[in-house]
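Asks: Turn this into a structure:
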Amino acid sequence: MKSILNIVVFGLMIAIASSCSEKLEPKPITYSQLLTGTEKKSWGLTSVTIVDQKDPFDLPGNQVLNPCALDDQFVFYADEEKKMEYTNGTLKCSASEPAVLITDTWQLTNANATLEIGIPRIFGGVKLPFIIKTLTENTMVLEIFFDDIDASYRFTFNSSSK
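Replies: This is a model prediction of the structure:
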């Protein structure tokens, strides 16, 4: 009788211990997390491709931007405000330029993979809806279409931060 009682008590202890264990659910990384990291993430423009319906061609960043702008960074924050900064690199285009050139917000729409931002030195900082072609931990490719010229601009950014 005592051995049956020990078996029942032991079985109950195992049942209680196993019911307390938490089931681990994997959480996939979202576009927002890839864009911002856990707190903030910096991205630098590396190239622009003009995709013309007849004659696509690539432009390295140094043919689109002044050399002083090539080390500028887009910094996306993982906060509720969705803050974005466009920061000056070590090489300034003018001695009087501040460290942070623009502070704005970003907007991401997962349904159609659209990121709404401004690219200051190319489109004057006007917010435009860019389609996310690729977004990984280190590479982001955004594209915007212009019907009136029958072409699109594809921007490639790289990030070394997590």
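Asks: buried ones in stretch 83-90?
Replies: For stretch 83-90, a neighbour-count test (16 or more other Cβ atoms under 10 Å) marks 83, 84, 85, 86, 87, 88 as buried. The way it works is simple: take the backbone N, C-alpha and C, and place the C-beta from them, glycine included.
Asks: Same question for stretch 92-105.
Replies: When neighbours are counted by 16+ other Cβ under 10 Å, the buried residues of stretch 92-105 are found to be 92, 93, 101.
Asks: residues contacting the second one?
Replies: To tie it back to what came earlier, the one meant is residue 93. The neighbourhood of residue 93, defined by Cβ atoms under 8 Å, 6 or more residues apart in numbering, consists of 66, 68, 69.
Asks: For the first one, which non-adjacent residue is closest in space?
Replies: Same thing as residue 66. For residue 66, the nearest residue in space outside its immediate sequence neighbours is residue 93; the separation is 5.9 Å by Cβ to Cβ, 6 or more residues apart in numbering.
Asks: Buried ones from the contacts of residue 93, can you make that a ChimeraX selection?
Replies: In ChimeraX, the members of the contacts of residue 93 classed as buried (16+ other Cβ under 10 Å) are selected with the following command:
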select :68,69
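Asks: any weak-confidence spans in this protein?
Replies: Counting by pLDDT under 70, the low-confidence segments of the chain come to 1-24, 26-28, 53-65, 121.
Asks: what residue lies at the spatial centre of it?
Replies: Most central residue of the chain, judged by C-alpha distance to the mean C-alpha position with Cα atoms, centre = their mean, is residue 35 at 1.7 Å.
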